[in-house]
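Chemist: Next input, structure requested:
(chains A and B)
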2 protein chains.
Amino acid sequence: MAQQEIDAALITCNVNLLYTCGQILDGYLYLPLQAPAQLFVRRPNTLTGERIHALRKPEEIPALLHELGMPQPHKLMLEGGELSYAEYTRLAACFPQSETINGTPLLHQIRSVKTEMEIALFRRSGIAHAKAYQQIPSVYKEGMTDRQFSIEIERLMRLEGCLGIFRTFGKNMEIFMGSILTGDNAAVPSPFDFALGGEGTDPSLPIGANGSKLQKGQSVMVDMGGNFYGYMSDMSRVYSIGQLPDEAYAAHQICLDVQQAVVDAARPGVVCEELYALAIEQVSKAGWADRFMGIGQQAKFIGHGIGLEINEAPVLAPRSKLSLKPGMVFALEPKIVLPHIGPVGIENSWVVTDTGVERLTPGEEQIIDLTQVR
Amino acid sequence: MAQQEIDAALITCNVNLLYTCGQILDGYLYLPLQAPAQLFVRRPNTLTGERIHALRKPEEIPALLHELGMPQPHKLMLEGGELSYAEYTRLAACFPQSETINGTPLLHQIRSVKTEMEIALFRRSGIAHAKAYQQIPSVYKEGMTDRQFSIEIERLMRLEGCLGIFRTFGKNMEIFMGSILTGDNAAVPSPFDFALGGEGTDPSLPIGANGSKLQKGQSVMVDMGGNFYGYMSDMSRVYSIGQLPDEAYAAHQICLDVQQAVVDAARPGVVCEELYALAIEQVSKAGWADRFMGIGQQAKFIGHGIGLEINEAPVLAPRSKLSLKPGMVFALEPKIVLPHIGPVGIENSWVVTDTGVERLTPGEEQIIDLTQVR
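Modeler: So this is what the prediction gives:
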């Protein structure tokens, strides 16, 4: 903020309030560069304390600052990437003497490097996420559809403590708890910017399971969002109904190899586009480039930062000049889609340490045959 | 649009795309007042057809319009209540010669009156919603927490076809699939603008069930969002663990009476604030005003429009001068919270007909004792 000559930030969107205040509330955090923060709260009305003030509408903030003996800001940072245009202009109009600036890029930058406390929550999330996945074979029943399978896995996630809500940044990301993809549905492109698509069951949510039967000789990928304590852990595992054709195991192994290569290379200072290039090189050499990250419509990334939202910085994508820093947390998801079989590959969540990366989502990575367990 | 001298609308947010195009996509609907609409699509790349054009970024739209022989708009309507400030200003910058206007209020007005097709989808939703609720007593087990009960009800909803995703308008509405409230948790205020609150299980989602045991002599209210075909049906029912104190049945009956009074009065032309006043008058006369719609922090509405989002026009609230029109669909939810017992009351979804209103969510309205069924 000091570098950009911003005197104060006004924070009011849920994830940024959670980030700065540790809880969601209906109100405004006024965060001056050179003075203690003040919290103006509409709801809940039970939230009281030093530097917490009740308010009914944002138009009251300038007078409240005046009462507190605080100057009006010269340059005020608002959440321009999250607030609607109508909300932003309303807030800006409350401060007619102030210049306003979109502070979302700065907030994203700060949020991309996690604190010790955030990493601790991610560790707990990863373990809970993996614990739910361990039970997946126990809910499989012959003749199930992908949607029925999804419902039982959602329940396992919820029973392990998943809050269910799946927070994303931006208008083009919407999904329920995650996606279950089997057979040719895995190749159906979606309007959303996720690694894979799927038709969904209704035009109002064209993503994921489409009611396909889980069939012998096909794979099924489980990719559910975590969110056990506000932080979105991300993890995919692949199952099969009986034995798959050999090429499926070969393609799966390529994805595991890509994961290993990226993980071996990832450490503070490494530039994200280099990790992407490394993956593409390896996949191309093995001859799978045209089925990597989808068929026809391919996702142009192999990993993405995770945090309070599923799509944070850094993105492991071409032209991403961002370099890894200790404390960054990202999901790495090399995946290949095989016509008539389904998706294979892997996804884990990783935290960048001082010397490399460390896995947050434990658990078996090989394809598990659902007809052979129990 | 003609009344406001708007030449064209540019629609790109999910619910408005769903409303205008019948499906969600990553792209832009350009809707001129005097010419056929054009669809500019980024994803999915499988979407093709007459008047459908591929694009990579919105900056290409003016040139594409020029190629199509279409003039640039003088006054362009953008989704100012839904687009982020950053997205809105980016789109506005694509049309430097055009005046832009926030079209969200107009879109909300149009969306508040449902078409025959939308009402048909609401009817089907209401039936599916009620069918899931019928099975609620079968998933109750002695000693359960509100959260465990919620997970089993979520599963019932999903098995009946609920898409799970809960769409809201505005930054201050977030919830997973709905809320289950029992005992004193029903009186805990939340930051969100829902009828009742609840502590939740984590500060990152402070709403609904908080892990309370379902206890003898307490009520439990189930209030799940529908969304079986994109449209959010809304329905609440109350259950008890054994017999409740007499006052609970009396308070419940008052809520049913309020529902009946409002339903009897509701018809095209009736102003929403009058329906709210009618409810408050009846509740006050019965002596329950201080526990109506919460304790301490009370919701200031008794009903809300529903559609692709849970909070649409009209709102049945004080100072709402909007009058009912045939085709409007709203949820009516008179509720009373009783200390040490829990919430009672009712919620149904209603469509305004030419002569009155018609219920969309069938099913028993009395308090059902979960220990007496099966």
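Chemist: What does the pLDDT read for the residue most central in space within chain A?
Modeler: With distances taken as Cα atoms, centre = their mean, the residue of chain A nearest its centroid is A:I310 (1.2 Å). Turning to A:I310, the model gives it a pLDDT of 98.
Chemist: now it: how far from chain B?
Modeler: Distance check for A:I310 against chain B: by Cβ to the nearest Cβ, to the nearest Å, it reads 14 Å. From N, CA and C alone the C-beta is placed, and that goes for glycine too.
Chemist: now that residue, nearest residue through space, not along the chain?
Modeler: Nearest residue to A:I310, sequence neighbours excluded (Cβ to Cβ, 6 or more residues apart in numbering or on different chains): A:M232, at 4.6 Å.
Chemist: pretty sure that neighbour is in contact with A:G305, am I right?
Modeler: No - counting by Cβ atoms under 8 Å, A:G305 is not a contact partner of A:M232; they are 10.0 Å apart.
Chemist: per-residue confidence for the residue of the stretch 251-374 of chain A found nearest chain B?
Modeler: In the stretch 251-374 of chain A, the residue that lies nearest chain B is A:Q297 (4.9 Å; Cβ to the nearest Cβ). With respect to pLDDT, A:Q297 scores 92.
Chemist: Just give the nearest non-adjacent residue to it, would you?
Modeler: A:Q297's closest residue in space is A:P189 (Cβ to Cβ, 6+ apart), at 3.5 Å.
Chemist: show me the contacts for that neighbour.
Modeler: Residues near A:P189 by Cβ atoms under 8 Å, 6 or more residues apart in numbering or on different chains: A:G197, A:G294, A:G296, A:Q297, B:R43, B:P44, B:N45, B:T46.
Chemist: The nearest residue to the fifth one once chain neighbours are set aside: how many residues sit nearby?
Modeler: If I follow you right, that is B:R43. Nearest residue to B:R43, sequence neighbours excluded (Cβ to Cβ, 6+ apart): B:D26, at 3.9 Å. Residues near B:D26, counting by other Cβ atoms under 10 Å in any protein chain shown, number 21.
Chemist: List the residues that contact B:D26.
Modeler: A:N172, A:P191, A:F192, A:D193, B:V41, B:R42, B:R43, B:P44.
Chemist: Could you give the number of residues near the fourth one?
Modeler: Just to be clear, that refers to A:D193. 17.
Chemist: how long is stretch A:151-166 end to end?
Modeler: The first residue of stretch A:151-166 is 16 Å away from its last residue (Cα to Cα, to the nearest Å).
Chemist: any residue of that stretch up close to chain B?
Modeler: Yes - in terms of Cβ under 8 Å from any Cβ of the partner chain, part of stretch A:151-166 sits within range of chain B, namely A:I151, A:E152, A:E154, A:R155, A:R158, A:L159, A:G161, A:L163, A:G164, A:I165.
Chemist: doesn't the last one fall inside a helix?
Modeler: No - the assignment for A:I165, made by DSSP: H, G, I helix; E, B strand; the rest coil, is coil rather than a helix.
Chemist: pretty sure it contacts B:F176?
Modeler: Yes - applying Cβ under 8 Å, one finds A:I165 in contact with B:F176, separated by 5.0 Å.
Chemist: Around chain B, which positions in the stretch 101-250 of chain A sit nearby?
Modeler: Within the stretch 101-250 of chain A, the positions near chain B by Cβ under 8 Å from any Cβ are A:102, A:104, A:148, A:151-152, A:154-155, A:158-159, A:161, A:163-165, A:170-172, A:174-177, A:188-193, A:197, A:201-206, A:227, A:229-230.
Chemist: Can you tell me which of those are buried?
Modeler: By neighbour count, with 16 or more other Cβ atoms under 10 Å in any protein chain shown, these hold A:102, A:104, A:148, A:151-152, A:154-155, A:158, A:161, A:163-165, A:171-172, A:174-177, A:188-193, A:197, A:201-202, A:204-206, A:227, A:229-230 as buried.
Chemist: Next step: the residues you listed restricted to helices.
Modeler: Members of these lying in helices (criterion: DSSP state H): A:T104, A:Q148, A:I151, A:E152, A:E154, A:R155, A:R158.
Chemist: Max pairwise distance over those: which two?
Modeler: Taking Cβ to Cβ as the measure, these reach their widest spread between A:T104 and A:Q148, a distance of 39.4 Å.
Chemist: so who does A:Q215 touch?
Modeler: A:T182, A:G183, A:I241.
Chemist: pLDDT score for it?
Modeler: 98.
Chemist: got the contact list for the residue nearest to A:L65 when sequence neighbours are not counted?
Modeler: The shortest distance from A:L65 to any non-neighbouring residue, by Cβ to Cβ, 6+ apart, is to A:Q72 (6.5 Å). Contacts for A:Q72 (Cβ under 8 Å, 6+ apart) come out as A:P62, A:L65, A:H66, A:F95, A:Q97, A:S98.
Chemist: The first one should be in a strand, yeah?
Modeler: No - judged by three-state DSSP, A:P62 forms no part of a strand; its state is helix.
Chemist: my guess is it meets A:S98, correct?
Modeler: No - in this structure, A:P62 is not within contact of A:S98 by Cβ under 8 Å, at 9.2 Å.
Chemist: one step back: number of residues surrounding the residue of the stretch 251-374 of chain A closest to chain B?
Modeler: 18.
Chemist: related to what we said a few turns ago, Three-state assignment for the residue nearest to A:L65, please.
Modeler: Once three-state DSSP is applied, A:Q72 turns out coil.
Chemist: For it, what are phi and psi?
Modeler: Phi and psi for A:Q72, reported as degrees, to the nearest 10, are phi -70, psi 150.
Chemist: Cool, thanks, signing off.
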